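Trainee: would you be able to build a 3D model of this:
(one chain, ligands or ions: 1)
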Amino acid sequence: MPEKLPENPAVVFLDGTSGHLPTAAGAVKNFLREKSVPIDLCVTLTREFGEVDNLRRIVPPAPRRHWVRADCYQPETVLAHAAKYRPRLAVFPPGVFGSEMCGRLSARWRGSAMLGVTDFDFPREAGGPPSVKKWVYSQNLLAEFSLGEPPWCLGLAKSWAGTPKNAPPDPPPPPDSRDDFFSLPPGKPAHLENRVELAVKDSGELAEARRLLVAGLGLGDAAGVALAGACARLMEAGWGVTRPVAMNALADPAKIVGVSGATASPDWALALGASGAAAFLAGVEGAGYLAAVNSDPEAPIMDKCDLAVVGDAREILAEMIALLKSGRE
Ligand SMILES: Cc1cc2nc3c(=O)[nH]c(=O)nc-3n(C[C@H](O)[C@H](O)[C@H](O)COP(=O)(O)OP(=O)(O)OC[C@H]3O[C@@H](n4cnc5c(N)ncnc54)[C@H](O)[C@@H]3O)c2cc1C
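Mentor: This next block holds a predicted model:
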C-alpha cells in the first residue's frame, strides 16, 4: 500500500442551495473516510448565512469552511469565485453541480478531471500521478486511469452515496477551525435571460423493459425514428436507438442501447435498420428473442438474430402501426 503523501489535502465543493446536499455531502464524507484523504477546506454554497448552523452539521468537518452566499447555483458566478482557490486535489459530489464544477474548474485551473470516480489512490511517489478507477462501457469494465497535471479534480460516482453500515459518527471539527463568509453578486447575471431546470433522464427504463424496439440509422431521419417510438407506444414496449441515431441528434442520448448506454434483457427485442455492430448487440444479447428488419440481407445482424426480415423498416413500421391501430378499433 503506497504511503499517502501529506501535501495533498482536499478541497471539497458542495451546493447547499440544493435539496440534495445531505446525499452529496454523505458521498464526499464516505469517500474521504474510506480513502483516508485529509480535508483542508470545504466550500459550500448557501442561500442565506442564517442557514450555516444547520449546514455545518451536514458538510464534512474541515479545518476551514468557506460559506458562499448565492441566490441559486449559477455556474458562471460560482466558477468565478471557486477558480480563485486552485487546490492540488479537489473533490466534487455526484450529480449535476459536482460534474459541472469538476469539469469546468479543472479547465480553468488547467488541471485534470475525472467524473464517476469509484476509487482513488494517491501518487506512489512524489511528482507521480494519482490513479483513479471508474466504470466504463455501461458498467461492463472497471478502468484505471492516471491523472495528468494537478489540480486533480475528482467527480465522485453515485455509488459513494448512502450510509455505510457501522459508519463512525463525524469527528468534531478541529478546535481551531474557522468559518469565512463570501457573497456572490445578487440576482441573475446580465447575460442570463431565463433559467429552466430539466430533469436528468437515465436509461433505467430501457434496462427494465420487457419488450423493446430499437431504431437504427436505417430509419433515415427524425420522422423514421419517431415511427419506431409511435409503434413502441402502441405495443406498450420500451424503445431505444443505436448510438449514431442519438449522435445525429435524432433521439435523446438516454435512449442509446449498447455498450455506451443501456444493456437490456427483455422477453423480445426488435431492431429496425440497425446493422448489428458488436457495440450495439452487447445491449440486446440478453433478449429472450431477437428479431431484426434490414434492407440488406448481408447485414451482420441478420446472422445473429432469431428472426431476420429483409425489407424497408419504415414501410414495415407503418404497416405495424396501421395493424395495431385497427386492432384497437
Ligand atoms: C467505443 C464505441 C462504443 C459504441 N457504443 C455503441 C452503443 O452503445 N450502441 C450502438 O448502437 N453503437 C455503438 N457504437 C457504434 C457501433 O460500432 C455502430 O457504429 C453502430 O451501432 C451502428 O449503428 P446503426 O446500425 O444504426 O447504423 P449503421 O451501421 O449505419 O447501419 C444502418 C443499417 O440500416 C440498414 N438500412 C438502411 N436503410 C434501411 C431501410 N430503409 N430499412 C431497413 N434497414 C435499412 C443498413 O443496411 C444498415 O445495416 C460504438 C462505437 C464505439 C467505437
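Trainee: hey, where'd the helices end up in the stretch 151-300 of the chain?
Mentor: With DSSP state H, counting those that start in this stretch, the ranges of helices along the stretch 151-300 of the chain come out as 204-208, 222-234, 243-247, 278-281.
Trainee: tell me what the first one is packed against?
Mentor: Right, the one you point to is helix 204-208. strand 238-241 (3 or more Cβ pairs under 8 Å, 6 or more residues apart in numbering; DSSP states H and E). C-betas here are computed from N, CA, C, even on glycine.
Trainee: so for the strand it packs on, mean pLDDT?
Mentor: What strand 238-241 shows for mean pLDDT is 96.
Trainee: residue contacts, residue 209?
Mentor: 237-238, 264, 266 (Cβ atoms under 8 Å, 6 or more residues apart in numbering).
Trainee: relative to residue 39, how far out is the residue of the stretch 101-250 of the chain found nearest the ligand?
Mentor: Closest to the ligand within the stretch 101-250 of the chain is residue 218: 2.4 Å, counting by Cβ to the nearest ligand atom. Per Cβ to Cβ, to the nearest Å, residue 218 is found 53 Å from residue 39.
Trainee: domain boundaries for the protein, per the record?
Mentor: 10-183, 204-328 (automatic domain parsing).
Trainee: and these, which one is worst for confidence?
Mentor: Among the domains of the chain, domain 10-183 carries the lowest mean pLDDT, at a mean of 90.
Trainee: near the ligand, anything from that domain?
Mentor: No: Domain 10-183 lies out of reach of the ligand by Cβ under 6 Å from any ligand atom, never closer than 6.9 Å.
Trainee: and that domain, end to end?
Mentor: Domain 10-183 stretches 23 Å from its first residue to its last (Cα to Cα, to the nearest Å).
Trainee: let me know the helix or strand that residue 108 is in.
Mentor: Element membership for residue 108, per DSSP states H and E: helix 96-109.
Trainee: and that helix, what's buried?
Mentor: 96-102, 104-106, 109 (16 or more other Cβ atoms under 10 Å).
Trainee: just give me the closest of the contacts of residue 209 to residue 164.
Mentor: residue 264 (30.9 Å; Cβ to Cβ).
Trainee: can you count the residues close to residue 309?
Mentor: 16 (other Cβ atoms under 10 Å).
Trainee: the domains of the chain: which one's closest to residue 190?
Mentor: Using Cβ to Cβ, these put domain 10-183 closest to residue 190, at 10.4 Å.
Trainee: on that earlier part again, let's have the contacts of residue 209 in a markdown table, adding neighbour count and distance to the ligand.
Mentor: Shown next, in a markdown table, are the contacts of residue 209 (neighbours: other Cβ atoms under 10 Å; distance: Cβ to the nearest ligand atom, whole Å):
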| residue | neighbour count | distance to the ligand |
| --- | --- | --- |
| 237 | 19 | 18 |
| 238 | 24 | 15 |
| 264 | 25 | 11 |
| 266 | 22 | 16 |
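Trainee: and the two most separated of those?
Mentor: Farthest pair in these, by Cβ to Cβ: 237 and 264, 10.9 Å.
Trainee: what touches both of these two?
Mentor: Common contact partners of residue 237 and residue 264 (Cβ under 8 Å, 6+ apart): 209, 212.
Trainee: what's the neighbour count on residue 312?
Mentor: Neighbour count of residue 312, defined by other Cβ under 10 Å: 16.
Trainee: want to try JSON lines for the helices of the stretch 151-300 of the chain, with distance to residue 136 as columns?
Mentor: Below are the helices of the stretch 151-300 of the chain laid out as JSON lines (distance: least, Cβ to Cβ, whole Å):
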{"stretch": "helix 204-208", "distance to residue 136": "17"}
{"stretch": "helix 222-234", "distance to residue 136": "27"}
{"stretch": "helix 243-247", "distance to residue 136": "14"}
{"stretch": "helix 278-281", "distance to residue 136": "12"}
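Trainee: with distance to the ligand added, can I get those in CSV?
Mentor: Putting these into CSV (distance: least, Cβ to the nearest ligand atom, whole Å) gives the following:
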stretch, distance to the ligand
helix 204-208, 11
helix 222-234, 8
helix 243-247, 3
helix 278-281, 3
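Trainee: export these as TSV, with columns for mean neighbour count.
Mentor: TSV is the format used below for the helices of the stretch 151-300 of the chain (neighbours: other Cβ atoms under 10 Å):
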stretch	mean neighbour count
helix 204-208	16
helix 222-234	18
helix 243-247	20
helix 278-281	19
